[in-house]
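Colleague: Fold the following, please.
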Amino acid sequence: MAVNRGRALLAAVVAGLGLVAVAASHAAPDTVSLLKVRLGGEGTETRVVIDLDKSASVKVVSDGEADRRVVVMMPGVDAPDGLQGAGRGVVKAWMVDEVQGQARLQMDLAADAKVKRRFLLPPADGIAHYRYVIDLAAVGASGGSVGAPAPAATQSASLTKASGAGPTPAVRTQFLPAKKQPLPLKKVIVIDAGHGGKDVGASGAQGFEKEINLAAALALKARLEKSGRYQVVMTRNSDIYVPLETRVRIAQRANADLFISLHSDSGPTASLKGASVYTLSDKASRRSTQFVSKDDWFMKANLSGDQGVRDILFDLTQRATRNRSAVFAQTLLSNIEGEAPLLRRSHRDAGLVVLLAPDVPAVLLEMGFVNNPEDEARLRDPAARARLMNAVADAIDDHFGAGLKVATR
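Modeller: A predicted model of the protein is given here:
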């Protein structure tokens, strides 16, 4: 009898554990990770690809026809912070955030468009993850898609003709959808801590330049992220070597609104001190072509393949970028003047590799001379470094808070 009772008890325990395991499996399902969002296509049709590590339920809750915004909800999907982009084709801008435990993709449309098709692709053809695909098609100027609403002007004219009355704009506008505010995209700032790893940079009495640059970059990152206005991308977060060309590619892949490279100078004599800012020189401009992709807009804008037209578009793009760089350089110098001594000619130009991206405004800040005792002491002092980086952050705030001006130099 005792043996039978023991067996019964053991069976009950095992069954109980099984129920607990089943309940746990239902209570804590595996979450799905959103890996990235990719866009492709032209001005009339754009494909949006959402890369997921597992299969997921995806629902389009707004197709964009009413207010030019497509909204996609993904229950049970985790998304990395700060995922956003400038868009392509019919998509003007997009961003991913989290709402009530769900990942949400929002896309502002550049023109009237509709969801043409959507489907889920399983792993295949060497791709190890799932892909949810949404195809967006532009609606023609004359209301070209079947079932699309007629333009407001046409509706108004038809109603006026049928009724024989004059236009009544007050009545018409009350039925129009309210215009949504643009997506609150954060400005993307790429901070480049100069040198690193085997590339130690200049030498001072207390150590190497690479250490100062990284400490300053981390301080600037903390200050910018604290404001909540920026998405910060670092070319390095630790003492590692990153090739110069890779630093430029990082900025381009991030669709950076600004690239700022932090360095500490070294002079021929220990008496030389002060900060300076570099932007790209005219002579080095043509070297920027090494960072041009066949997918860049100015490479695809001319369908006839005329190299001369592409060169003109490239030059215009680069000219605008250099202008924005020069404007920010002036703002930066005016903000840091009270926190660091400046060289007599504090705004300089050069053909530095990290400044070569034709589509990313970029500056290189030499924070001081590491082989000057006063400059090195200031750059290694945490309080002085924080004040300098706060001034740099203030310059970034000023730059993006005001309308773009034309550089005066």
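
Colleague: Run through the helices of this structure in chain order.
Modeller: According to DSSP state H, the chain carries its helices in the segments 2-27, 152-163, 169-174, 209-227, 244-253, 297-300, 307-336, 373-380, 382-401.

Colleague: what is the rounded mean pLDDT of the shortest one?
Modeller: Okay, so that is helix 297-300. Averaging pLDDT along helix 297-300 yields 38.

Colleague: what residues are up against residue 375?
Modeller: By C-beta atoms under 8 Å, 6 or more residues apart in numbering, the contact list for residue 375 reads 264, 273, 274, 341, 367, 368, 369. No exception for glycine: its C-beta is placed from N, CA and C like everyone else's.

Colleague: now, the most widely separated pair of those?
Modeller: With C-beta to C-beta as the measure, no two of those lie farther apart than 264 and 341, at 13.7 Å.

Colleague: Which one's more surrounded, the two?
Modeller: Higher neighbour count among residue 264 and residue 341: residue 264, with 29 against 16, using other C-beta atoms under 10 Å.

Colleague: any shared contact partners between residue 264 and residue 341?
Modeller: Going by C-beta under 8 Å, 6+ apart, residues that sit against residue 264 and also against residue 341 are 368, 375.

Colleague: what stretches of this protein score poorly on pLDDT?
Modeller: 1-29, 141-180, 283-318, 402-409 (pLDDT under 70).

Colleague: Just to check, residue 197 is in contact with residue 241?
Modeller: Yes. Residue 197 lies in contact with residue 241 (C-beta atoms under 8 Å); the separation is 3.0 Å.

Colleague: Distance-wise, check the closest residue to residue 131 other than its chain neighbours relative to residue 47.
Modeller: In space, and not counting its chain neighbours, residue 131 is closest to residue 121: 4.4 Å by C-beta to C-beta, 6 or more residues apart in numbering. Distance, residue 121 to residue 47, by C-beta to C-beta, to the nearest Å: 12 Å.

Colleague: joint contacts of those two?
Modeller: Taking C-beta under 8 Å, 6+ apart as the contact rule, residue 121 and residue 47 both touch residue 133.

Colleague: Between the two, tell me which one has more neighbours.
Modeller: Neighbours were counted for residue 121 and for residue 47 using other C-beta under 10 Å; residue 47 has more, 17 against 13.

Colleague: Settle this for me: residue 118 is touching residue 137, isn't it.
Modeller: No. Taking C-beta under 8 Å as the definition, residue 118 is not a contact partner of residue 137, at 11.9 Å.

Colleague: Identify the contacts common to the two.
Modeller: By C-beta under 8 Å, 6+ apart, no residue touches both residue 118 and residue 137.

Colleague: Next, count neighbours for residue 225.
Modeller: Neighbours of residue 225 under the rule other C-beta under 10 Å: 14.

Colleague: nearest spatial neighbour of residue 211, skipping sequence neighbours?
Modeller: residue 239 (7.8 Å).

Colleague: Quick check: the gap between the nearest residue to residue 380 once chain neighbours are set aside and residue 47.
Modeller: Leaving aside its chain neighbours, residue 380 sits nearest to residue 206 (6.1 Å; criterion: C-beta to C-beta, 6+ apart). As defined by C-beta to C-beta, residue 206 lies at a distance of 54 Å from residue 47.

Colleague: With residue 55 instead?
Modeller: Taken as C-beta to C-beta, the span from residue 55 to residue 47 is 20 Å.

Colleague: ok, now residue 337?
Modeller: 49 Å.

Colleague: and residue 364, what are its bridge partners?
Modeller: residue 261, residue 278 (DSSP bridges).

Colleague: residues in contact with the residue nearest to residue 211?
Modeller: Residue 239 sits in contact with 196, 197, 210, 211, 214, where contact means C-beta under 8 Å, 6+ apart.

Colleague: wouldn't the last one be in contact with residue 200 here?
Modeller: No. At 11.6 Å, residue 214 and residue 200 do not qualify as touching, with contact defined as C-beta under 8 Å.

Colleague: can you list the domain ranges for the chain.
Modeller: 32-142, 187-401 (automatic domain parsing).

Colleague: wait, which of those domains is closest to residue 181?
Modeller: Nearest of the domains of the chain (C-beta to C-beta): domain 32-142, 9.8 Å.

Colleague: just how off-centre is that closest one within its chain?
Modeller: Put simply, domain 32-142 sits 16 Å off its chain's centre (C-alpha atoms, centre = their mean, to the nearest Å).

Colleague: Enumerate every residue touching residue 368.
Modeller: 264, 265, 273, 274, 275, 340, 341, 375, 376, 378, 379.

Colleague: If any of those are buried, put those into a PyMOL selection.
Modeller: Applying 16 or more other C-beta atoms under 10 Å to the contacts of residue 368, the buried members can be selected in PyMOL as follows:
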select buried, resi 264+265+273+274+275+340+341+375+376+378+379
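
Colleague: any chance of the contacts of residue 368 in CSV, with distance to residue 109 too?
Modeller: Formatted as CSV, these follow (distance: C-beta to C-beta, whole Å):
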residue, distance to residue 109
264, 46
265, 47
273, 53
274, 49
275, 44
340, 45
341, 50
375, 51
376, 53
378, 50
379, 48
